[in-house]
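> here's a sequence, model it:
(one chain, ligands or ions: 2)
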Amino acid sequence: GGVTRRDCASATGTVTVQQPLNYRAGARVQPTDGGQLEEVFEPATGRVLCKVPCSGEKEVDLAVQSAKAAFKIWSQMSGMERCRVMLEAARIIREQRDEIATMETINNGKSIFEARVDIDISWQCLEYYAGLAGSLAGEHIQLPGGSFGYTRREPLGVCVGIGAWNYPFQIACWKSGPALACGNAMVFKPSPFTPISVVRLAEIFTEAGVPKGLFNVVQGGAATGQLLCQHPDVAKISFTGSVPTGMKIMEMAAKGIKPVTLELGGKSPLIIFSDADLENAVKGALMANFLTQGEVCCNGTRVFVERKILDTFTKEVVKRTQKIKIGDPLLEDTRMGALINRPHLNRVQGFIKQAKEQGAEVLCGGDLYVPDDPKLKNGYYMRPCVLGNCKDDMTCVKEEIFGPVMAILPFDTEEEVLERANATKFGLAGGVFTRDIQKAHRVVAALKAGMCFINNYNVSPVELPFGGYKFSGFGRENGRAAIEYYSQLKTVCVEMGDVESVF
Ligand SMILES: NC(=O)C1=CN([C@@H]2O[C@H](COP(=O)(O)OP(=O)(O)OC[C@H]3O[C@@H](n4cnc5c(N)ncnc54)[C@H](O)[C@@H]3O)[C@@H](O)[C@H]2O)C=CC1
Ligand SMILES: C[N+](C)(C)CCCC(=O)O
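Ligands and ions are numbered 1, 2, ... in the order given. Predicted structure coming up:
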């Protein structure tokens, strides 16, 4: 036991990042035309970890060309051959799990406990798509007179992945897993707030044996993202982020007739009926709201509670929320770390202030949290917040806050709660807690959301497709469904007789 040297080197407040964070043709590189420097923070301490140059047009083009060259090799390999390489990548991630999780925690601020789960989901995703790579197949269709047709599932080419900052490594795996399995190459741009861990993924792919250039990383913000989306040699864009950016991405994709996957924001409902197992429902509500400091797109932030159990449920939720251990995210017993950055923390605080002005009652938390440890004084911490006395038309109930803020809303009937649950422009997720199985299935069938949970929330088995309805986007990640979004179907019609010409 005891503290190893590596543990010392990666303690909160001690890390700086020196290596270049672009990755091209199988190696870390400085961008050829790196412009503006973006400061990258350690949310737990407010320290600057590094400054990253944003890639310009030349670097973006070099990354795309490098992906194009690798695509030629990778797309010609059999599914089984690709499977073997991807399994090796999954194995390396599993082996380096703690180290990658530590890196994620340092850059994102989430607890190490959660970061490890994220990394597990990440290697499971690659393992799952490795399995599918080996079994991708088309159809054979018989036609009159012995003629026939067949279909081939072909890759698209160079795919672009653009990620958000809440699950940096996992998002990159959710995109590269199905993309690579189908035979595509990828250029990935992480959020400028979390540029670090995805470069490790690039190194792991190379170590596992992908052709050099198959998975590249370019760093930068909106301008770099635009260059990627507008590049004529890019075949597809998969985006995770906010609704306004999603709209811009779709517009750019439209100009190039490029298919897009959009994983956007949400304001999902979680419906607790009075016949639910209370203990599980309370745990579910916490899972639905407080993972990654509440910075989760599919969070069930509108918690509808049947009036009969409103008081008991609320009391229990508040009690548990107050017990969540906030602090140094690298400590084993911490369950909530720091929010991503100061402006975001201020934004979340603004939502709480506005909620109070509009008549909501803060039942617990919502205030800034200042840890005792002096090195954490400038970190971006707040206490998780439960809001009572909420009304459907309050801003805190309508808008995505992307922070640890749960709104509790009483309801009386199933019909009423469904109407209210669906009265939102978003449609990413939804959940229901009840012991009545017919009611459970009836309710999820009526929810206008892509990802529904019965008697749990925010678990993410990679076998299940994930994605939104309405403003939350379209296309799916995870599951077999994602294959559809990273491949195209070629039909081959074969004549076995003579040509019967019209002319
Ligand atoms: N549905 C899902 O799976 C998820 C959705 N989100 C959503 O993402 C949001 C938070 O993430 P943010 O990073 O703040 O979102 P964002 O939309 O500001 O940025 C997302 C990514 O897009 C890039 N980008 C920004 N403008 C661009 C442009 N004009 N062209 C190309 N790329 C551009 C950013 O650099 C970043 O990499 C929340 O609204 C949340 O709901 C976050 C995680 C998962
Ligand atoms: C892993 N999970 C389900 C908690 C969140 C995944 C979606 C996201 O990237 O926000």
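> are we agreed that Ile106 is in a helix?
Yes - under DSSP: H, G, I helix; E, B strand; the rest coil, Ile106 sits within a helix.
> for Leu262, give me its contacts.
Residues near Leu262 by Cβ atoms under 8 Å, 6 or more residues apart in numbering: Phe239, Gly246, Ile249, Met250, Gly468, Gly473, Phe474, Gly475. C-beta here means a position set from N, CA and C on the backbone, and glycine is covered the same way.
> show the pLDDT at Ser460.
Predicted confidence (pLDDT) at Ser460: the value is 88.
> please enumerate the helices of the stretch 51-200 of the chain.
Using DSSP state H, counting those that start in this stretch, the helices of the stretch 51-200 of the chain run over 57-74, 79-95, 97-108, 112-133, 168-181, 197-208.
> for the first one, name the packing helices and strands.
Judged by 3 or more Cβ pairs under 8 Å, 6 or more residues apart in numbering; DSSP states H and E, the packing partners of helix 57-74 are strand 22-24, strand 158-162, strand 185-189, strand 215-217, helix 222-230.
> ok, the third one: who's next to it in the sheet?
What it means is strand 185-189. strand 158-162 (parallel), strand 215-217 (parallel) (DSSP bridges).
> and that strand, how far out from the chain's middle?
Centre-to-centre, strand 185-189 and its host chain are 16 Å apart (Cα atoms, centre = their mean, to the nearest Å).
> just the C-alphas of it, formatted as CSV.
Output of strand 185-189 as CSV, limited to C-alpha atoms (Å, rounded to 0.1, in the frame of the first residue of the first chain):
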residue,chain,number,x,y,z
ALA,A,185,-10.9,7.6,-39.9
MET,A,186,-11.5,10.4,-37.5
VAL,A,187,-10.3,13.9,-36.6
PHE,A,188,-11.4,14.8,-33.1
LYS,A,189,-11.7,18.2,-31.5
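> show which residues not belonging to it make contact with it.
60, 63-64, 67-68, 70-71, 74, 157-163, 172, 175-176, 179-180, 198, 202, 213-220, 224-225, 228, 234.
> and of the helices and strands packed on helix 57-74, who's closest to ligand 2?
Closest of the helices and strands packed on helix 57-74 to ligand 2 is strand 158-162, at 12.7 Å (criterion: Cβ to the nearest ligand atom).
> picking that back up, give me the subset of the contacts of Leu262 touching ligand 1.
Restricting the contacts of Leu262 to those within reach of ligand 1 (Cβ under 6 Å from any ligand atom) leaves Ile249.
> from the contacts of Leu262, which land in strands?
Secondary structure assignment by DSSP state E places Phe239, Gly473, Phe474 of the contacts of Leu262 in strands.
> which residues of the stretch 151-300 of the chain lie near ligand 2?
Asn166, Tyr167, Ile171, Leu291, Val296, Cys297, Cys298.
> how about the spatially closest residue to the fourth one that is not a sequence neighbour, what does it touch?
By the measure of Cβ to Cβ, 6 or more residues apart in numbering, the closest residue to Leu291 outside its immediate chain neighbours is Asn458, 5.9 Å from it. Each residue near Asn458 by Cβ under 8 Å, 6+ apart is listed here: Met287, Ala288, Leu291, Val296, Cys298, Asn299, Gly300.
> center of the protein - which residue?
The centroid of the chain falls nearest to Ile171 when counting by Cα atoms, centre = their mean (4.4 Å).
> pretty sure it is touching Phe239, no?
No - using Cβ atoms under 8 Å, Ile171 makes no contact with Phe239, being 10.0 Å away.
> shared neighbours of the two, anything?
Contacts common to Ile171 and Phe239, judged by Cβ under 8 Å, 6+ apart, are Gly161.
> what's the neighbour count on Leu418?
For Leu418, the neighbour count with other Cβ atoms under 10 Å is 22.
> run a quick neighbour tally on the spatially closest residue to it that is not a sequence neighbour.
Distances taken as Cβ to Cβ, 6+ apart put Ala446 closest to Leu418, at 5.0 Å, once the chain neighbours are dropped. Ala446: 17 surrounding residues under other Cβ under 10 Å.
> got the confidence number for Ala446?
In this model, Ala446 carries a pLDDT of 98.
> how much space is there between it and Glu415?
As judged by Cβ to Cβ, to the nearest Å, Ala446 and Glu415 stand 9 Å apart.
> please apply the same query to Gly431.
In terms of Cβ to Cβ, Gly431 sits 18 Å off from Glu415.
> those two: who's more crowded?
Taking neighbours as other Cβ under 10 Å, Gly431 and Glu415 compare with Gly431 leading, 30 against 10.
> just give the number of residues close to the residue of the stretch 351-500 of the chain found nearest ligand 2.
Ligand 2 sits closest to Ser460 of the stretch 351-500 of the chain, with a gap of 3.8 Å, by Cβ to the nearest ligand atom. Around Ser460 there are 19 other residues, counting by other Cβ under 10 Å.
> look up the closest residue to it, ignoring the ones flanking it.
Ile121 (5.9 Å).
> same question for Arg435.
That would be Asp275: by Cβ to Cβ, 6+ apart, it lies 4.9 Å from Arg435.
> surely the one you found touches Ile437?
No - counting by Cβ under 8 Å, Asp275 does not reach Ile437; the two are 11.0 Å apart.
> ok, those two, which is more surrounded?
Comparing Asp275 with Ile437 by other Cβ under 10 Å, the one with more neighbours is Asp275, at 14 against 10.
> assign that one to helix, strand or coil.
coil.
> same thing with Gly430?
strand.
> mind listing what it touches?
Gly430 neighbours (Cβ under 8 Å, 6+ apart): Ser268, Pro269, Leu270, Ile271, Gly300, Ala421, Val444, Leu447, Ala449, Met451, Cys452, Phe453.
> the first one and ligand 2, how far apart?
If you measure Ser268 against ligand 2 using Cβ to the nearest ligand atom, to the nearest Å, the figure is 11 Å.
> show the pLDDT at the spatially closest residue to that residue that is not a sequence neighbour.
Among residues not flanking Ser268 along the chain, Ala429 sits closest, at 4.1 Å (Cβ to Cβ, 6+ apart). On the pLDDT scale, Ala429 is placed at 98.
> how many neighbours does Ala429 have?
Neighbours of Ala429 (other Cβ under 10 Å): 29.
> spit out the contact partners of it.
Here Ala429 is in contact with Gly266, Ser268, Cys298, Asn299, Gly300, Ala449, Gly450, Met451, Cys452, Phe453, Gly468 (criterion: Cβ under 8 Å, 6+ apart).
> neighbour-wise, which of these leads?
In terms of neighbours by other Cβ under 10 Å, the contacts of Ala429 top out with Ser268 at 33 neighbours.
> which ones are touching it?
Counting by Cβ under 8 Å, 6+ apart, Ser268 has contacts Ala288, Cys298, Asn299, Gly300, Thr301, Arg302, Phe426, Leu428, Ala429, Gly430, Gly431, Ala449.
> ok, the fourth one to Gly266 distance?
Distance of Gly300 to Gly266, given as Cβ to Cβ: 9 Å.
> is Val492 in a helix, a strand, or coil?
strand.
> give me the beta-bridge partners of it?
Bridge pairing for Val492 - DSSP bridges - gives Tyr150.
> ok, now how distant is it from Glu139?
Distance from Val492 to Glu139, by Cβ to Cβ: 11 Å.
> next, show the common contact partners of those two.
Tyr150, Thr151.
> ok so, going back, among the contacts of Gly430, which ones are in strands?
Taking DSSP E, the ones among those that sit in strands are Pro269, Leu270, Ile271, Met451, Cys452, Phe453.
> so which residues on this protein come close to ligand 1?
162-166, 189, 191-192, 221-222, 225-226, 229, 240-242, 245, 248-249, 263-266, 297, 400, 402, 428.
> what residue in the stretch 201-350 of the chain comes nearest to ligand 2?
Cys297 (3.9 Å).
> still on that earlier bit, among the contacts of Gly430, which one lies nearest to Met382?
Gly300 (19.6 Å; Cβ to Cβ).
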